[in-house]
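# test case, fold it:
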Amino acid sequence: MSLGGTTNLRRVTLLLWVLVAVFYFYLSYDYIRVTTHDRQFAEYLQYVVQLAGNQGRSAKDVRELLIRKAEQLSLPLEGEQIVVRGAGDSLNVAVNYDVDIEIPLIQREFLTKKFEHKVKYQTPR
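Down below sits the predicted model:
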């Protein structure tokens, strides 16, 4: 093999490794972003349940607040995925949704991450 052929082979190999690294970086970034947004949503959910329990807010109010926060965080959450039971001291909220992690450039689903949250009102101490 000539010296020029070896150089081209090394360049192609380097290019492939760079593409693989970019692919995994994007998947990792997307996964971390989704997980971070879900953590923020879970904290807000806990806050809303405590607030709604203290103030006697309706199930409709709780659902609207949670949907608005999900929109801000770009989470694919719809009203029927939020189950609100009880009111006041017996308030109980369950939220279940899935987020697709996509392959870069192709925009094809690679992984589906399922999130489930169940929060009950806790009496202040």
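
# next, name the residue at the spatial heart of the protein.
residue 34 (3.4 Å; CA atoms, centre = their mean).

# distance check, that residue against residue 49.
Distance, residue 34 to residue 49, by CB to CB, to the nearest Å: 22 Å. Where you see a C-beta, it was placed from the backbone N, CA and C, and this is true even at glycine.

# in this protein, which spans are helices?
Taking DSSP state H, the helices of the chain run over residues 3-55, 59-72.

# among the ones you listed, show the one with the smallest mean pLDDT.
When these are ranked by mean pLDDT, helix 3-55 comes last with a mean of 90.

# report all helices and strands that that helix contacts.
If contacts are counted by 3 or more CB pairs under 8 Å, 6 or more residues apart in numbering; DSSP states H and E, helix 3-55 sits against helix 59-72, strand 92-103, strand 108-120.

# give me the contacts around the shortest one.
Same thing as strand 92-103. Strand 92-103 is contacted from outside by 23, 27, 30-31, 34, 38, 45, 48-49, 62, 66, 70, 75-78, 81-86, 108-121, using CB atoms under 8 Å, 6 or more residues apart in numbering.

# give me the angle between that strand and helix 59-72.
Compare the direction of strand 92-103 with that of helix 59-72 by axes from the mean of the first three to the mean of the last three CA atoms, to 10 degrees and you get 20 degrees.

# now strand 92-103: buried residues?
By 16 or more other CB atoms under 10 Å, the buried positions in strand 92-103 come out as 93, 95, 97, 99, 101.

# circling back: my guess is the residue nearest to the centre of the chain meets residue 113, correct?
Yes: using CB atoms under 8 Å, residue 34 is in contact with residue 113, at 6.0 Å.

# contacts only, for the residue nearest to residue 56 when sequence neighbours are not counted.
Nearest residue to residue 56, sequence neighbours excluded (CB to CB, 6 or more residues apart in numbering): residue 88, at 5.4 Å. Contacts for residue 88 (CB under 8 Å, 6+ apart) come out as 53, 56, 121.
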